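> this one's sequence-less:
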Ligand SMILES: O=C(CO)[C@@H](O)[C@H](O)CF
């Protein structure tokens, strides 16, 4: 096998909240190089914590754009110092933390197209941004702008039908609206607005890179069915916004060759292609190689569900984005705040702080828990917006407590049944070929995965998603090389490592949960909707 330095490859980048990461993937879909620059540790002069600045109001959260630029300088220098052979890079793509926005000052495009290979990027781009502290996804200071936007388009459900989500504080349109309202001069001096993903792509392109459909779906501005900017949303947020955004493009677009800056300074081949960058979650979906009917569940501090949808049903919970790998389909994201911290609390209270006791309780109780059902929200839940612990007896009476073993199963079954109900509320359907891809801390507990397989009636696989956004970006770069050939993404990446089977549904599981789910659905998803055309 050729030495790592000599292998033809694609690069996958991730401009995430805390770091910039890169992986190199060869034609056998094997990761053979990875590197990262950690903002807090490697660029301490910017004074971030977790890559961000939380402002005095506790609501505004920003990151310095020049920190991101300098991080790219640093990581490229690290790669060069390690002997990485840039001349073998066929294409590159990447991801950025979703919803964040970058404001290029009038005249910046001339600097971007005329970069001097003798200088680092951050020295040349110092004066190119009209806003130096960019709003990021952790910001929640735009509730007023959210209400204004929903009012302008006919309400929360109308906005969800149009853009895939009701108004969320972190979504970019509301952030732009706040900047226009509170800093009109900076807004007037802004010639281009990028997402973090398209900003990063612009650095490699040496010109403004368009926003892709998938990450653009996280702005409350893109009409996700027709994949055009929603004029009513643009008008409600800020004037002349469409010209500052530029037209969106399909996520699999080859947006151009890499800038000569990288050819001359680092030795990239002149023909190295830049494939549109996208959001970190869409890139992760690509990295996990989700296919139609599959679900990916990240069981972490909060639990996150990634769904592949053909016929989405926009709702007041969750987010529907254009798919990053199939222009005809969609993906959905559902976040559940009460994840591992809730599981750890019940473990401490009902299993003597022991996971093995916790697992023993799951093994010693029956599927369906004898009709005892529970919802456990010690912090205010996002999906649905509820708080507190709610336990119901088989007679559907609320009760104050369960025996310890019953409590443990009620927690896990309740968490997974709620996920299935809300997923189906967005239009998801379990198919015969459905795979559940589990990742995150709790995915190491086989007994928890067994409950997951039983509730969904589908096999559960475990995957390592440590670099899923980067790896997904490298996969998308390979897919970009096949642009115009009609070869599907799944075919391009078929050599990638397969997930490991961890649990299959127990006999009779479908019947048990088919009996329980409808009653739960009325509790936790009260407004049944029809298809997109019926509910929007
Ligand atoms: O806000 C989010 C998704 O809607 C987060 O997952 C960010 O993408 C993290 F960067």
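Thanks, I have the structure now. Since we're looking at a predicted model, the values are computed, not measured.
> does the residue in the stretch 101-250 of the chain that the ligand sits nearest to belong to a helix, a strand or coil?
Of all residues in the stretch 101-250 of the chain, residue 137 sits closest to the ligand, at 3.8 Å by CB to the nearest ligand atom. (Glycine included, C-beta is placed from N, CA and C.) Here residue 137 is coil, with the state taken from DSSP: H, G, I helix; E, B strand; the rest coil.
> was I right about it contacting residue 16?
No - in this structure residue 137 lies outside contact range of residue 16 using CB atoms under 8 Å: 10.3 Å.
> which neighbours do those two share?
Counting by CB atoms under 8 Å, 6 or more residues apart in numbering, the residues touching both residue 137 and residue 16 are residue 97.
> when these two are compared, which one has more neighbours?
More crowded of residue 137 and residue 16, by other CB atoms under 10 Å: residue 137, with 22 against 18.
> pLDDT wise, what is that one at?
With respect to pLDDT, residue 137 has a value of 95.
> residue 525 now?
47.
> could you do residue 529 as well?
Residue 529 is assigned 49 on the pLDDT scale.
> same check on the one 4 residues further on?
Reading off the per-residue confidence, residue 533 sits at a pLDDT of 60.
> likewise for residue 162?
The model's pLDDT for residue 162 equals 98.
> what about it, helix or strand, and which?
Following DSSP states H and E, one finds residue 162 within helix 156-163.
> return the residues of the stretch 151-300 of the chain in contact with the ligand.
Residues of the stretch 151-300 of the chain lying close to the ligand (CB under 6 Å from any ligand atom) are 170, 218, 279-281.
> and the residue in the stretch 351-500 of the chain that the ligand sits nearest to, what element?
Proximity to the ligand, evaluated over the stretch 351-500 of the chain using CB to the nearest ligand atom, is greatest for residue 469 at 8.8 Å. Assigned by DSSP H and E, residue 469 falls within helix 468-481.
> one more: residue 256?
In this structure, residue 256 sits in strand 254-257 according to DSSP H and E.
> which other residues reach that strand?
Under CB under 8 Å, 6+ apart, the answer for strand 254-257 is 91, 201, 205, 207, 209-210, 249, 270-276, 480, 483.
> helices and strands around the helix or strand following it, which ones?
Moving toward the C-terminus from strand 254-257, the first helix or strand encountered (DSSP H and E) is helix 260-266. Where contact means 3 or more CB pairs under 8 Å, 6 or more residues apart in numbering; DSSP states H and E, helix 260-266 is packed against helix 65-81.
> is any residue of the helix it packs on near the ligand?
No - applying CB under 6 Å from any ligand atom, one finds helix 65-81 separated from the ligand by no less than 12.9 Å.
> what sits against the residue of the stretch 251-400 of the chain found nearest the ligand?
Using CB to the nearest ligand atom, the closest approach of the stretch 251-400 of the chain to the ligand is made by residue 280 at 4.9 Å. The contact partners of residue 280, by CB under 8 Å, 6+ apart, come to 14, 16, 95-98, 469.
> hang on, the earlier thing: just the residues of the stretch 151-300 of the chain next to the ligand: which are in strands?
Among those, the members found in strands (DSSP state E) are residue 279.
> next, format the residues of the stretch 151-300 of the chain next to the ligand as TSV and append pLDDT.
What follows is those, written out as TSV (pLDDT from 0 to 100):
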residue	pLDDT
170	96
218	98
279	97
280	95
281	94
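> and of the residues of the stretch 151-300 of the chain next to the ligand, the nearest to residue 300?
Using CB to CB, residue 281 comes nearest to residue 300 of these, at 13.1 Å.
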